[in-house]
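J.: fold the following.
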Amino acid sequence: MNLTYTQVNGYNIPDLALPPQPEGELNRWGRARRDYLLNHKKGLHLHMMTQGLLWPHLLETQETAAARFDLLITQMAEAQGVDEALKARDQMLWIGRMGNIRQQAEELVRQELIYS
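T.: The predicted model follows:
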């Protein structure tokens, strides 16, 4: 392995760079996973960051979490009979049930993907 150095104020500093990272912004799922790794899995976070694996992992996790969240909401709403007919009949009941479904789905996604 050939390393090159740059001299700065009489010190030789190695020219190190991370591999190119994929483009993308983190949404709430990606930020939650990053925060979990940073606060509870510091060694894994540091390893992934220095190897250039952290950003691709966060992007993949957020895509998977968003898809799982949407699927859970759809399945749970269908199973509980929360549909457009209920929305037309009783909006407040629909809002309450959908809020409950969203909270349940969010907790499942956090347990399955973010905190694992």
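
J.: what helix or strand is the spatially most central residue of the chain located in?
T.: Computing the C-alpha centroid of the chain and ranking residues by CA atoms, centre = their mean puts Gly30 first, at 2.5 Å. Of the helices and strands defined by DSSP states H and E, Gly30 is found in helix 28-40.

J.: got the angle for the helix or strand just after that helix vs helix 28-40?
T.: The C-terminal neighbour of helix 28-40 among helices and strands, as given by DSSP H and E, is helix 42-51. Comparing the axes of helix 42-51 and helix 28-40 via axes from the mean of the first three to the mean of the last three CA atoms, to 10 degrees yields an angle of 120 degrees.

J.: in helix 42-51, what's buried?
T.: Applying a neighbour-count criterion of 16 or more other CB atoms under 10 Å, the buried positions in helix 42-51 are His45, Met48, Met49. Where you see a C-beta, it was placed from the backbone N, CA and C, and this is true even at glycine.

J.: could those go into CSV alongside pLDDT and distance to Glu84?
T.: As requested, these are exported to CSV (pLDDT from 0 to 100; distance: CB to CB, whole Å):
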residue, pLDDT, distance to Glu84
His45, 96, 44
Met48, 94, 43
Met49, 89, 46
